[in-house]
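J.: sequence first, predicted coordinates after that:
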Amino acid sequence: MSGMLIGGIIGGVVFLIAIIWFFSTYNRLVRLKENANKSWADIDVLLKQRYDMMPNLINTVKGYASHEKDLFMEFAKARQSASNALSQGDVSGVAAAEGLLGGMMPKIYALSEAYPELKA
């Protein structure tokens, strides 16, 4: 075999390997992007469920602790801002609202402990 033929075969094999590597890397990146999008969608669904359940929690506790009106108003505002940020797709707004809600949940739990007759 001539050197030119061997060089062409080696070049073709290298080119084929490069093409295979490119397409496999591209497909892997597309798959990772889709997984990330699905994960964000799952997070959005869970946050929406959480925000939808909060009024029930507030209504349950509100009947027993009517003197905690400021806490309920603050909680309702935080929930509304979180819900608005989620519907607008504002990730930083959702994170800020989640921080507020996360800070308020111990207060709500403390209220529920202060009223052990709450069963719902």
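T.: Nice, I can see it.
J.: alpha carbons only for contacts and neighbour counts from here, please
T.: OK.
J.: okay, and for this protein, where does confidence drop off?
T.: For the chain, applying pLDDT under 70 flags the ranges 1, 61-67, 115-120.
J.: ranges for the helices of the chain?
T.: With DSSP state H, the ranges of helices along the chain come out as 3-62, 69-88, 91-114.
J.: contacting residues around the shortest one?
T.: This means helix 69-88. Helix 69-88 is contacted by residues 44, 48, 51, 54-55, 58, 62, 91, 93-94, 96-98, 100-101, 104 when judged by C-alpha atoms under 8 Å, 6 or more residues apart in numbering.
J.: what's the farthest-apart pair in the residues you listed?
T.: Largest separation among the contacts of helix 69-88 by C-alpha to C-alpha: 62 and 91, giving 30.2 Å.
J.: between the two, which one's more packed in?
T.: Under the criterion of other C-alpha atoms under 10 Å, the comparison of residue 62 against residue 91 puts residue 62 first, with 16 against 12.
J.: what's the most buried one of the helices of the chain?
T.: Stretch with highest mean neighbour count among these: helix 69-88 (a mean of 17; mean count of other C-alpha atoms under 10 Å).
J.: what separates the residue nearest to the spatial centre of the chain from residue 49, distance-wise?
T.: Centroid-nearest residue in the chain, with C-alpha atoms, centre = their mean: residue 43, separated by 3.1 Å. The spacing between residue 43 and residue 49, counted by C-alpha to C-alpha, to the nearest Å, is 10 Å.
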